[in-house]
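**Student:** No sequence on hand, only this structure:
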């Protein structure tokens, strides 16, 4: 039987804080470089609004949920991280605020290093020698989850993160892990697994060999004991079992194991779902990228390799392909081939070349020699083809105050500056529109800050930001 090769799924967190500048004549977000880009000082106060009583606004292609107000004097980062700064230069510090823009403790940090998920970020502080140590803060739970003592943070899965702790200097050939400080710094030490869902470290699970020995799938942490043997632990630190030749797929929530009977399929809790019997030693199964509970079956026929999508029980869900299946684009579309095409499950070409998935169910393709195609994945229809400037998730503009409205295929000409926001929203003058329907969504908006999952609108008369959580309709 052909051995399944383990591919490390551990991804290093990008150690960058992306700050989104506000868009308006007199209000904007802090630009993160030590200078104020337009936000005046103010005093935070609890606004008392709750999501249970929140107002929902039909924005055409999206739904906006009003989630209270945020005071003046704060700065916005991506994914619900709200901060306030004090000092300048080497003395500049940042405090993490809650979702209402109010401080929930008295802790200050050197910087926000990266954002893990909505409201949760990696922060750093420096010791007297200028060495940086990392921790984790949750502004939704309103607490520091991990103090700044680790030297690296690595993503294992959406739920689990590895924190590396240094005990001594290492070398490339003798280390637990490495981090960057004007080049790679190797260190000896140990790793602990942090569980975002429970807000704590997985009890009793520490690794001293290498960060490469740690992975996760679903609700389970997997520790490689040697080249072929792995141990699986629950989030509570309980040993589930020991497995030979286990391959985990963190983003797909499944694990596969070679056995004498065939390929064993485990779910996100490491429960055995099925054993897939291989017809030939050259047959293989692997997880389908960007898809839950779907596999790719690869097999030889007439001396040629073929591929198809199956469920976890080996039932074919797609046509037979004579080229590799790369990933799922939507519930109905697949990316296939080296020179990528987008096809449906029957093998019909729906998009002749590769492109970019956009939240909300759209797929954008760069056209040659200049221009774009935009497809609606829910219908498979091409909703735009042309050479307008792409300037936001779903915003196409002529650069002269005109914006494309998909519902009509016509331009809405305003003569004013186009300021793309989250998804299909755009600020034109003091009104936010949805470019899919052309519907006016919010009025009297003097400025706006977009953070991806939320937008914060500013009204000069009110003197506060109003927060709206943005969701695409199903």
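**Tutor:** Happy to help now that I have it. Computed from a prediction, not measured in an experiment: that's the story for all the values here.

**Student:** ok, longest strand in the protein?
**Tutor:** Longest strand in the chain, counting residues (DSSP state E): strand 184-195.

**Student:** Show me what counts as buried in it.
**Tutor:** Neighbour counts over strand 184-195 (16 or more other Cβ atoms under 10 Å) mark 185-187, 189-195 as buried. From N, CA and C alone the C-beta is placed, and that goes for glycine too.

**Student:** Can you name the next helix or strand after that strand?
**Tutor:** As assigned by DSSP states H and E, the chain's next helix or strand after strand 184-195 is strand 200-207.

**Student:** who touches the helix or strand following that following strand?
**Tutor:** Downstream of strand 200-207, the first helix or strand assigned by DSSP H and E is strand 214-217. For strand 214-217, contacts defined as Cβ atoms under 8 Å, 6 or more residues apart in numbering pick out 8-10, 156-157, 159-160, 162, 191, 193, 207, 221-224, 248-250, 253-255, 266, 268, 270.

**Student:** again with stretch 170-184
**Tutor:** For stretch 170-184, using Cβ under 8 Å, 6+ apart, the contacting residues are 15, 132, 151-152, 154, 164, 185-191, 208-211.

**Student:** swap the cut-off to 7 Å and go again
**Tutor:** Residues from elsewhere that reach stretch 170-184, judged by Cβ atoms under 7 Å, 6 or more residues apart in numbering: 15, 151-152, 164, 185-191, 208, 210-211.

**Student:** would TSV of those with pLDDT and distance to residue 115 be doable?
**Tutor:** Formatted as TSV, these follow (pLDDT from 0 to 100; distance: Cβ to Cβ, whole Å):
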residue	pLDDT	distance to residue 115
15	29	11
151	97	19
152	96	16
164	97	19
185	94	23
186	95	26
187	96	25
188	96	29
189	97	25
190	97	26
191	97	21
208	94	29
210	94	27
211	93	21
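
**Student:** which of those sit farthest apart?
**Tutor:** Pairwise distances across the contacts of stretch 170-184 peak at 23.9 Å for 15 and 208 (criterion: Cβ to Cβ).

**Student:** Compare neighbour counts for these two and give me the winner.
**Tutor:** Neighbour totals were compared for residue 15 and residue 208, and residue 15 leads with 15 against 11 (other Cβ atoms under 10 Å).

**Student:** picking that back up, in strands, which of the contacts of strand 214-217 fall?
**Tutor:** If you go by DSSP E, these have 160, 162, 191, 193, 207, 221-224, 248-249, 254-255, 266 in strands.

**Student:** From the residues you listed, pick the one nearest residue 111.
**Tutor:** Using Cβ to Cβ, the ones in strands among the contacts of strand 214-217 come closest to residue 111 at residue 162, 20.9 Å.

**Student:** How many neighbouring residues does the closest one have?
**Tutor:** Using other Cβ under 10 Å, residue 162 is surrounded by 23 other residues.

**Student:** so the residue nearest to it when sequence neighbours are not counted bridges to which residues?
**Tutor:** Nearest residue to residue 162, sequence neighbours excluded (Cβ to Cβ, 6 or more residues apart in numbering): residue 154, at 4.5 Å. Taking DSSP bridges as the rule, residue 154 bridges to residue 12, residue 162.

**Student:** burial measure for residue 154, as a count.
**Tutor:** There are 18 residues near residue 154, going by other Cβ under 10 Å.

**Student:** Roughly how far does it sit from residue 164?
**Tutor:** As judged by Cβ to Cβ, to the nearest Å, residue 154 and residue 164 stand 7 Å apart.
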